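*Asks:* Attaching a predicted model along with its sequence, questions to come.
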Amino acid sequence: MINNMRTVVNTTVFMLLAGIAAYAQTAKDLLDSATRYKGNNFSKTASFAEKAYHIAIGEADSATAAKASFTAGYGNYLEGNHDAALEWFLRAEYLYTALGDQAQLTATYNEMIVFYSKHKKFDAGDSVSIKAIRIATRIKDTALLANAHNNRGLLMMRRGMHDSALSNLRKAYHFHRYLNDRVGMSYGLDYMASVYAETGEYDKALDYLKQSRELKKESNDKMGEAIIANNIGEALLQRGDYAAALAYFREARTIAGTLSFSDLEAHTWQMEASALELKKDFAGAYTAIKKHQEIHSQVLNEKRTKAIEELQTKYETDKKEQENILLQQKNQVQALKLTQRKTAIITLTIISILIAGISYLLYNRYRLRQQTKMNAALMEQQELRARAVMDAEEHERQRLARELHDGVGQMLAATRRSIQITGSNQDGKITDRAAETLSLMDESIREVRQLSHSMMPPSLRNKELAEALSELTERTGHTTTLDIQTEWVDMDHLTLNTSQTLMLYRTIQEIFSNIIRHAGATTVHFEMVNHRTELNIMIYDDGRGFDVTSGADGLGLKNIRSRIAYLGGTVELDSWPGKGTTYIIYLPLQIQA
């Protein structure tokens, strides 16, 4: 009886092991098939990926399951099954988070932004887009960061928040230009043109579309060139320039014809009909709309024929899959017969390893728990010391500013008055020597006043960050050769306490100091956007830049990072020799409220 039980156990264990081996190969093959159909058959992409996911989950292969989830979401979305697509994207998010795969997690978030934007779930899309931008910035993946800003910009455009949309699209364009990605730059210009067209600024929209068109030509993107030509025609049509619009529609149709791009060809005939109707050329409009209907019907027939062919292919593929499953089952039975004799040894070995592993894990867990407590205590002490140093520094700045203003400044003013009295001749006029001395005294008083205001601007005492930063940029522009361009969004609704205002001012003051002393720049762009839940600050210059991968932060950069960390925010630095330097600051406002 004992031997019979042992045989049953052995058979069960080896069936499980053989099944797992077969499933791993099957999951990989199915995922390869899903990827192969990704460009031309979304239904098959979704079907194969879903099967791969279930098999991978059964064998605890999280990496394959995560990739399968993402691919299934992509296939379902493009096939039109949007509820299923969101479910698969959420599974991919969970698995990539557990795996710690930050790049693929960001790619998943980028797809979710597009989904939420299409379904007008703007709050959810806003939240996901911020996550994507944060992770892409942290892992220094400029391509993912550009994509995240592009998708966030399009989300904001659909939401009607045009300023925020343009801000994000400009950032995406900046990153594409940094990567010398001309295709990305062309699409960025196209997206910004759409924003300007929505706000009725057709001249700006046309300018951006024409720039995009030149980039399409340079990259030999004929399909993109045709689409841009059609978009220019639509912008001209909205502006009322019907003759020019017709020329672009016909150019787009010519390119679409060479590419067999029937959908666009039909669309250009429809747009031409609209333009001719507005020109009162009703006969021409009738001819154009007939051409549109003719091509549109042809496209529908082609799609119907293709659908029938795809059904036939699917039937043949399913039949082949069934044959493969039967063959695999036969192979599994043969494999079980060959490996049953080794079951007892493997089972005992596994049990011994499990006991040793559990003992080690329990000990390691206890040790890690103690180490975590000690690290938390050390971090708390470090934070307290950092806050004490910063507070002492600000108190010393305030004391020195008062001493300069109330002490040295008053003494210089009194000395000036004394020189003015003693340096007068009998007629009451100031002598040349006294006038020269008075001029030096006036310059000294101005220097003392500027130094005092630099150490503690009067507007900071009233908690007005915008006013203090305006004074800082204006003063820096007057005293240097820098061309400082500012762009602030929704600053009227920004509420900060005294500590936050002071720390942000000191941080930006330090950044400008670094640019003046080290960058050798001629132009600085200073952008500050209030997203209500987060304050984003981006400062970039056209200076000489440096290699951020060297890991050598100077004292100025350390001060910048420590001040923002004190406020609970993060600082990202992007620079390269000859490419300028970009500072990006993220400050969560809800946490600080």
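*Replies:* Perfect, thanks for sending it.

*Asks:* Check the burial of Y286 by counting its neighbours.
*Replies:* The local packing of Y286 (other C-beta atoms under 10 Å) involves 12 other residues. Bear in mind the C-beta positions are built from the backbone N, C-alpha and C, glycine included.

*Asks:* What strand or helix carries L145?
*Replies:* Taking DSSP states H and E as the criterion, L145 maps to helix 142-159.

*Asks:* and if you look at D574?
*Replies:* Using DSSP H and E, D574 maps to strand 570-575.

*Asks:* contact partners of that strand?
*Replies:* Strand 570-575 is touched from outside by 134, 137-138, 140, 142, 178, 545-548, 557, 560-561, 564-565, 581-586, with contacts defined as C-beta atoms under 8 Å, 6 or more residues apart in numbering.

*Asks:* How many residues are close by R433?
*Replies:* 10.

*Asks:* does it count as helix, strand or coil?
*Replies:* Under the three-state scheme (DSSP: H, G, I helix; E, B strand; the rest coil), R433 adopts helix.

*Asks:* From A466, how far off is S499?
*Replies:* With the distance defined as C-beta to C-beta, to the nearest Å, S499 ends up 17 Å from A466.

*Asks:* Contact partners for the closest residue to A146 other than its chain neighbours?
*Replies:* Spatially, and ignoring its direct neighbours in sequence, A146 is nearest to F175 (3.8 Å; C-beta to C-beta, 6 or more residues apart in numbering). Neighbouring residues of F175 by C-beta under 8 Å, 6+ apart: T142, A143, L145, A146, H149.

*Asks:* all strands for the stretch 1-150 of the chain, in order.
*Replies:* In order along the chain, the stretch 1-150 of the chain carries no strands (DSSP state E, counting those that start in this stretch).

*Asks:* one step back: drop anything exposed from the contacts of F175.
*Replies:* With neighbours counted by 16 or more other C-beta atoms under 10 Å, these contain buried members at T142, L145, A146, H149.

*Asks:* where does D490 fall, phi/psi-wise?
*Replies:* When read as degrees, to the nearest 10, the backbone of D490 gives phi 60, psi 40.

*Asks:* Check the one 4 residues further on too.
*Replies:* Dihedral angles of L494 (phi, psi; degrees, to the nearest 10) stand at phi -90, psi 120.

*Asks:* Please tell me I have it right and it contacts N536.
*Replies:* No: the pair L494 / N536 is not scored as a contact, 11.5 Å apart, by C-beta atoms under 8 Å.

*Asks:* higher neighbour count, those two?
*Replies:* Neighbour count, other C-beta under 10 Å: between L494 and N536, N536 has more, with 21 against 17.

*Asks:* Doesn't the more buried one lie inside a strand?
*Replies:* Yes: counting by three-state DSSP, N536 is found in a strand.

*Asks:* Tell me the bridge partners for it.
*Replies:* Beta-bridge partners recorded for N536 (DSSP bridges): V529, Y586.

*Asks:* Pull up the pairing partners for the strand holding D574, direction included.
*Replies:* strand 581-588 (antiparallel).

*Asks:* Now do the strand it pairs with: distance to the chain's middle.
*Replies:* The chain centroid and the centroid of strand 581-588 are separated by 13 Å under C-alpha atoms, centre = their mean, to the nearest Å.

*Asks:* Which positions in the helix or strand containing I511 come out as buried?
*Replies:* Using DSSP H and E, the element containing I511 is helix 498-514. If you call a residue buried by 16+ other C-beta under 10 Å, then helix 498-514 has these buried ones: 500-512, 514.

*Asks:* Tabulate the CA atom coordinates of the strand holding D574 in PDB.
*Replies:* What follows is strand 570-575, C-alpha atoms only, in PDB (Å, rounded to 0.1, in the frame of the first residue of the first chain):
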ATOM      1  CA  THR A 570      12.600  66.200  -6.000                       C
ATOM      2  CA  VAL A 571      15.200  67.700  -8.300                       C
ATOM      3  CA  GLU A 572      16.200  66.200 -11.700                       C
ATOM      4  CA  LEU A 573      19.300  67.400 -13.600                       C
ATOM      5  CA  ASP A 574      19.800  66.800 -17.300                       C
ATOM      6  CA  SER A 575      23.000  68.100 -19.000                       C
END
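
*Asks:* How far away from the center of its chain is it?
*Replies:* Mean C-alpha position of strand 570-575 versus that of the full chain (C-alpha atoms, centre = their mean) differs by 13 Å.

*Asks:* Specify the angle between it and helix 498-514 in degrees.
*Replies:* 10 degrees (axes from the mean of the first three to the mean of the last three C-alpha atoms, to 10 degrees).

*Asks:* shaky segments in the stretch 201-350 of the chain?
*Replies:* Scanning the stretch 201-350 of the chain for pLDDT under 70 picks out 299-326, 329-331, 333, 335.

*Asks:* residue ranges for the helices of it, please.
*Replies:* Secondary structure of the stretch 201-350 of the chain (DSSP state H, counting those that start in this stretch): helices at 202-218, 222-239, 242-258, 262-278, 282-339, 343-402.

*Asks:* wait, which of these is closest to R159?
*Replies:* helix 202-218 (19.0 Å; C-beta to C-beta).

*Asks:* Who are the packing partners of the closest one?
*Replies:* Secondary-structure packing of helix 202-218 (3 or more C-beta pairs under 8 Å, 6 or more residues apart in numbering; DSSP states H and E): helix 182-198, helix 222-239.

*Asks:* do you know which of those helices lies nearest D263?
*Replies:* Closest to D263 of these, according to C-beta to C-beta: helix 222-239, at 10.6 Å.

*Asks:* The closest one vs helix 202-218, what angle?
*Replies:* For helix 222-239 against helix 202-218, the angle by the same axes, to 10 degrees is 170 degrees.

*Asks:* what distance separates helix 222-239 from the middle of the whole chain?
*Replies:* The chain centroid and the centroid of helix 222-239 are separated by 28 Å under C-alpha atoms, centre = their mean.

*Asks:* now stretch 574-588
*Replies:* Here stretch 574-588 is found 14 Å from its chain centre; the criterion is C-alpha atoms, centre = their mean.

*Asks:* just stretch 220-228 next, same as before
*Replies:* Relative to its chain's centre, stretch 220-228 lies at 26 Å (C-alpha atoms, centre = their mean).

*Asks:* Okay, buried residues for it please.
*Replies:* For stretch 220-228, a neighbour-count test (16+ other C-beta under 10 Å) marks D221, G224, E225, A226, I227, I228 as buried.
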